[in-house]
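>>> I would like the atomic coordinates for the input below:
(4 chains)
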Number of protein chains: 2
Amino acid sequence: MQETTSAASPSRRELNKQATRNAISAAALKLAREQGPGGFTVDALADAAGVSRRTFFNYFPSIEAAVARPIEEFLDAAFSRLDERPADEPIVDAVMATLGGDMSREQMAVLCEVYAMTEDSPQLERMQLQLWNSAQQKLEDGLTVRLGAAAGELLVRALAGSLVACAKAAMRTAADSAAGRNPDPQSFHNHLLESIGLLRSGFNINGINHDPKDS
Amino acid sequence: MQETTSAASPSRRELNKQATRNAISAAALKLAREQGPGGFTVDALADAAGVSRRTFFNYFPSIEAAVARPIEEFLDAAFSRLDERPADEPIVDAVMATLGGDMSREQMAVLCEVYAMTEDSPQLERMQLQLWNSAQQKLEDGLTVRLGAAAGELLVRALAGSLVACAKAAMRTAADSAAGRNPDPQSFHNHLLESIGLLRSGFNINGINHDPKDS
DNA sequence: GGCAAGTTTGCATTGAGTGCAAGTTCGGCC
DNA sequence: GGCCGAACTTGCACTCAATGCAAACTTGCC
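Numbers count the residues shown, from 1 in each chain, chains lettered A, B, ... in the order given. As a prediction, this is how the structure comes out:
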């Protein structure tokens, strides 16, 4: 009855579940690489993962969810780390610290790869949009706590949305430049830094007149 | 033959198609109100719209697409109007002008209503996220033209994403306050104005220390 | 060993989405 | 008008996603 969820629960059952989960998403990624996302059926995936079709649905609600799991885990990890940041740290820095945190080259590669598959599958695209959206909602919760009642809902939402937009932009740009073969977590980190810097300054760049007045 | 039917394309076929399309999305909205989005089948919807199931799929790929049509049309209209704005107008103002343009009280009500249904149906939520996303891509295209080569892809993406985030925040906040019964396009307009003002200033509000340095 | 709770699996059912071909309506043309 | 080709609708058939259910199986605990 060790209720120690997640880490450090060597329960056989828990380990088996994790193994199954990993087997399924690994098989999903493999098939998505070979035949494109949406280019195979649940039966094929369940078969490749060594489980029954029914069991697949016990773990994931759809193929897309299985393929997008790396993204989900990345976002979950990033935005749950946000709670651990000092409460008086500027939001922008906290987001940088959590999103741009340590990441292996391989992990970044998978992230970009899955992100790029969006082009070939509307289903997968929607799934990812939903994941980013729920990340934004977590961020809103965090922001509400940090900024307190002084910040209105509108501000919290607009700010959270803008920050997530910056992160997405950084991810997309990193994925683009990694098209050849260059996962590079550092590139993502730099893009993130740059886009958040832009946001910070209200996108007012000296040489560009997209917002000449009011500054 | 031409019975002086107003303008544009008075073709009988075209009119019929529009009528069918409208009948379907009207029926979809009606059923979504009564039984919740996702609370009815395509058969029921086709029946309510007075067409065959197969015909429904000739017009919409899914129930959610039919329900979300008002949002799609709003976004399409808003972002196609963007092309018509003077090229030297500041982006922010152009977005305000197109998004906050003339809108009837009823239209605003429907928009908020559909937006609010998001809570009850993940499918519908994803559909709307996709619509906002494609709106963002149109905005990126527009921005690329306006800002020229001087603006990098990262800036364009982050800026477009932030602007759309502001619009979404304004819409959501308007929908929230309209929960009782108060569609009010003006409220949306004001929220939009406010959130974009925040964006413009880099979310640096005097009394709030969420970003104390670097300004 | 053996019971209880958790997991997997097969089976059956509903319903989404698509291709196809036959029927129906529309537009243009003599 | 009457006819032809194009566009549109519809029924049919088929694949496959997704979920409930109950029987088998595994694991944890005494």
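>>> List of residues touching the lowest-mean-pLDDT helix or strand in chain A?
The weakest-scoring helix or strand in chain A, judged by mean pLDDT, DSSP states H and E, is helix A:91-99 (a mean of 86). Identification of contacts with helix A:91-99 by CB atoms under 8 Å, 6 or more residues apart in numbering or on different chains yields A:78-79, A:81-82, A:85, A:89, A:139, A:143, A:146-147, A:159, A:163, A:167, A:192-193, A:196, A:199-200, B:210-211. All C-beta atoms are positioned from the backbone trio N, CA, C, and that covers glycine.
>>> check those residues against DNA strand C, which are close?
When CB under 7 Å from any atom of the strand is taken as the criterion, no member of these contacts DNA strand C.
>>> from these, which ones fall inside helices?
A:78-79, A:81, A:139, A:143, A:146-147, A:159, A:163, A:167, A:192-193, A:196, A:199-200 (DSSP state H).
>>> What's the PyMOL syntax to select whichever of those are buried?
Entered in PyMOL, the line below selects the buried ones among the ones in helices among the contacts of helix A:91-99, by 16 or more other CB atoms under 10 Å in any protein chain shown:
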select buried, chain A and resi 78+79+139+143+146+147+159+163+167+192+196+199+200
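>>> Between which two of the ones in helices among the contacts of helix A:91-99 is the distance greatest?
Using CB to CB, those span at most 22.3 Å, a distance reached by A:Leu147 and A:Leu193.
>>> Nearest residue to the residue nearest the centre of chain A in space, please, no chain neighbours.
Nearest to the mean C-alpha position of chain A, counting by CA atoms, centre = their mean, stands A:Leu75 at 3.5 Å. Setting aside the residues directly before and after it, A:Leu75 is nearest to A:Ala135 in space (CB to CB, 6 or more residues apart in numbering or on different chains), at 4.2 Å.
>>> if we can go back for a sec, contacting residues for the residue nearest to the centre of chain A?
A:131-132, A:134-135.
>>> so where is chain A shaky, pLDDT-wise?
A:1-9, A:180, A:182, A:205-215 (pLDDT under 70).
>>> Quick one: name the residues of it near DNA strand D.
Counting by CB under 7 Å from any atom of the strand, chain A sits next to DNA strand D at A:1-2, A:11-13, A:16, A:41-43, A:54, A:57, A:61-63.
>>> Out of these, which comes closest to DNA strand C?
Nearest to DNA strand C among these, counting by CB to the nearest atom of the strand, is A:Arg54 at 3.8 Å.
>>> what's the helix or strand for the closest one?
Secondary structure assignment for A:Arg54, by DSSP states H and E: helix A:53-59.
>>> go on, A:Ala66?
helix A:63-67.
>>> quick one: that helix near chain B?
No. Helix A:63-67 is not in contact with chain B by CB under 8 Å from any CB of the partner chain; minimum separation 9.9 Å.
>>> what comes into contact with that helix?
The contact list for helix A:63-67 (CB under 8 Å, 6+ apart) reads A:24-25, A:28-29, A:32, A:37-38, A:40, A:42, A:45, A:56, A:59-60, A:72, A:114, A:117, A:121, A:123-124, A:126-127.
>>> Going by neighbour count, list what's buried in stretch A:122-142.
A:123-133, A:135-136, A:138-140, A:142.
>>> and these, which of them are in helices?
A:123-133, A:135-136, A:138-140, A:142.
>>> Test my guess that A:Gly161 contacts B:Met171.
No. With contacts defined as CB atoms under 8 Å, A:Gly161 does not count as touching B:Met171, sitting 11.1 Å away.
>>> Many thanks, I have nothing further to ask.
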